[in-house]
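**Student:** My questions are about this predicted structure, shown below with the sequence.
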Amino acid sequence: MRSKDLKPAEPAKILVIGEDSNLQWSDTATEVAMFADYYFRSFPEDHGERSRNVEARNLFNHLTFATLNSVKPSEMYITNLCNDYVTPAPKGKRVLIPEEKAIKGLSHIEWVLEQNPSIECVLSMSLQTNYWLQKLGFYGDDEAFVHDAQPRHKGLESVEEPFYQPVDGKVFSSICGNIYDAKNHPVKVIPILPAKSYPLKGKDEELYTEAYQKIRSHFRK
């Protein structure tokens with residue numbers, strides 16, 4: 001099953017590229033990327049449906065915070081780098097997005113930007129998403145980041161199923177909040193944390209408060 005994009009009701013101002021929480025942690029496929037459609041529904045009675053509604057609300061709360069409330073939910077185009085079903089990782093590990101799936105996802109992202117010239121900014125969530133976007137040449141030219149974010153052989157060669165474990169799990173702090181130019185499109189690209197990390201707390205608060213100040217300052221302009 002392939003997850004669908006959430007297309008905005010108004011001309012899109014931002015494109016959000018996620019790494020679906022279900023892609024990461026289970027083999028349950030989402031009908032729409034990151035359950036984003038649940039944000040626009042009434043709060044459901046079913047427990048499973050409620051958890052999806054909460055996840056969607058957390059996603060949009062994160063995005064409106066990052067954009068300083070300058071972008072309405074109805075102006076956000078939501079997709080994932082990988083919308084296809086992939087092999088689940090071993091329990092407790094993060095799913096590896098294979099290179100061929102990342103290439104397919106980037107091709108879709110390029111198409112979305114071509115079809116939506118009103119998009120001014122791309123918010124790219126999570127370490128693995130940004131690893132592939134940089135490695136495949138969508139933005140950035142940071143060899144040190146690509147090296148440290150690449151999957152370890154341990155995960156690639158797992159005797160169970162492959163999983164994503166970066167060379168340096170802390171390397172995301174080196175790019176989060178930076179403002180990049182996309183190489184083939186007139187848009188800015190800003191790496192941000194996945195929605196499950198919002199609101200910032202604990203070590204994330206120490207590592208990323210300054211990054212989010214930069215992001216919010218960009219949208220203040």
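**Tutor:** Arrived safely, thanks for sending.

**Student:** and G18, what are its bridge partners?
**Tutor:** In this entry, G18 is beta-bridged to N80, by DSSP bridges.

**Student:** Please apply the same query to M76.
**Tutor:** I14.

**Student:** OK, contacts around it?
**Tutor:** Contacts for M76 (CB atoms under 8 Å, 6 or more residues apart in numbering) come out as L6, P8, A12, K13, I14, V16, F60, L63. C-beta coordinates here come from the backbone N, C-alpha and C atoms, glycine included.

**Student:** ok, and the helix or strand in the chain with the lowest average confidence?
**Tutor:** Using mean pLDDT, DSSP states H and E, the weakest-scoring helix or strand in the chain turns out to be helix 21-25, at a mean of 49.

**Student:** Tell me the helix or strand right after that helix.
**Tutor:** Per DSSP states H and E, the first helix or strand lying C-terminal to helix 21-25 is helix 47-66.

**Student:** Turn the contacts of M76 into a markdown table, including distance to T87 and pLDDT.
**Tutor:** Converted to a markdown table, the contacts of M76 look like this (distance: CB to CB, whole Å; pLDDT from 0 to 100):
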| residue | distance to T87 | pLDDT |
| --- | --- | --- |
| L6 | 25 | 96 |
| P8 | 31 | 97 |
| A12 | 32 | 98 |
| K13 | 35 | 98 |
| I14 | 31 | 98 |
| V16 | 25 | 98 |
| F60 | 30 | 97 |
| L63 | 29 | 98 |
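
**Student:** In CSV: these, plus neighbour count and distance to Y85.
**Tutor:** Listed next are the contacts of M76 as CSV, based on neighbours: other CB atoms under 10 Å; distance: CB to CB, whole Å:
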residue, neighbour count, distance to Y85
L6, 23, 18
P8, 21, 25
A12, 23, 26
K13, 20, 30
I14, 24, 26
V16, 28, 21
F60, 20, 25
L63, 23, 25
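
**Student:** got any ranges where the chain has weak pLDDT?
**Tutor:** Low-confidence segments of the chain, defined by pLDDT under 70: 1, 20-29, 48, 159.
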